[in-house]
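Undergrad: Here's a sequence, model it:
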Amino acid sequence: MAYMLRTALLLGLLTGLFLFLGKVIGGNTGLVIALIIAGIMNFVSYWFSDKIVLAMYRAKEIPYDEAPWLHNMVEELARRANMPKPPIYLVPMEQPNAFATGRGPGNAAVAVTSGILNLLNEDELRGVLAHELAHIKNRDVLIASIAATIAGAISMVVNWLQWMLIFGFGRSDEEDNSPASLIGSILLIIITPIIATIIQLAISRSREYLADETGAKICGCPMSLARALDKIHKYAVTMPAHVNEGTAHLFIENPLSGKNIMELFSTHPPVEKRIQRLMELAKKIGQPV
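TA: Residues are numbered from 1 along each chain as shown. Prediction:
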């Protein structure tokens, strides 16, 4: 419940920031335009984000007869999670990783890289797949897509403001073009995208913790997921993958881990903290660590 409340609060802050920006730039008209843009972008994100991401990474659906053991594993985990079995896709990527996409149970997919199938043993892979099913069950993909959409819209509106300043247009009929107003606009251009990014990434990190916890309960072995995270992280740090930064939050471990500067600007919580929480959960249910 705490994770859900935190996510709702952060999404509210992100949306409020977007609407505030629209209001500042264009007054009441700008606010209405911002609402329309947010609605359109959220609609597109809701219905098409899964297809876009799978196509982006050249993911191909894995037929049952090519990997019956993998399909049986996902089916058993989906049954434990009380949700439909999603289709499974293979991403031709050497880095071991995985992600889930789709707007919720019944309209989702799980994708694994060729690298993760070569690296993890069966128990560790179960932990990873349970984590991805948890994302689907908790509708994290939809939440992350909405957050990314709003953050992207904020960047777009800031770009508009930038061009308005360059060509000397006023921000709205309700505001003047005094030096103080100009300075305020410049500060908005600099600060607003940073705040939006921080909020978006905080949402992503919060949902990762929740998916770890839910996934550990689905597979029944928190340490399987902990061991998998440790292996994946070590590989990602030494060999970051070439992926679209806007989709990095989807993966179980940030594929750009080797390029992270600080936790505040990371799509994922530190793997050490994730493993520590999983160890505590294992101890709580009486399993060895």
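Undergrad: My read is that residue 224 contacts residue 123, right?
TA: Yes: contact between residue 224 and residue 123 holds when scored by Cβ atoms under 8 Å: they sit 4.5 Å apart. All C-beta atoms are positioned from the backbone trio N, CA, C, and that covers glycine.
Undergrad: which of the two has more neighbours?
TA: residue 224 (25 against 14; other Cβ atoms under 10 Å).
Undergrad: ends of stretch 59-68, how far apart?
TA: 18 Å (Cα to Cα, to the nearest Å).
Undergrad: for stretch 81-95, what is the average pLDDT?
TA: Taken as a whole, stretch 81-95 has a mean pLDDT of 96.
Undergrad: List of residues touching that stretch?
TA: Stretch 81-95 has contacts (Cβ atoms under 8 Å, 6 or more residues apart in numbering) with 54, 57-62, 67, 70-71, 74-75, 78-79, 97, 100, 102, 105-106, 108-115, 117, 130, 133-134, 136-137, 218, 235-236, 239-241, 255.
Undergrad: among those residues, which ones are buried?
TA: With neighbours counted by 16 or more other Cβ atoms under 10 Å, those contain buried members at 54, 57, 59, 62, 67, 70-71, 74, 78, 97, 100, 102, 105, 108-113, 115, 130, 133-134, 136-137, 218, 235-236, 240-241, 255.
Undergrad: Now intersect the contacts of stretch 81-95 with the helices, please.
TA: Of the positions in the contacts of stretch 81-95, 54, 70-71, 74-75, 78-79, 114-115, 117, 130, 133-134, 136-137, 218, 235-236 sit in helices, assigned by DSSP state H.
Undergrad: you'd agree residue 247 is up against residue 52?
TA: No: look at residue 247 against residue 52 with Cβ under 8 Å: they stay out of range, at 9.0 Å.
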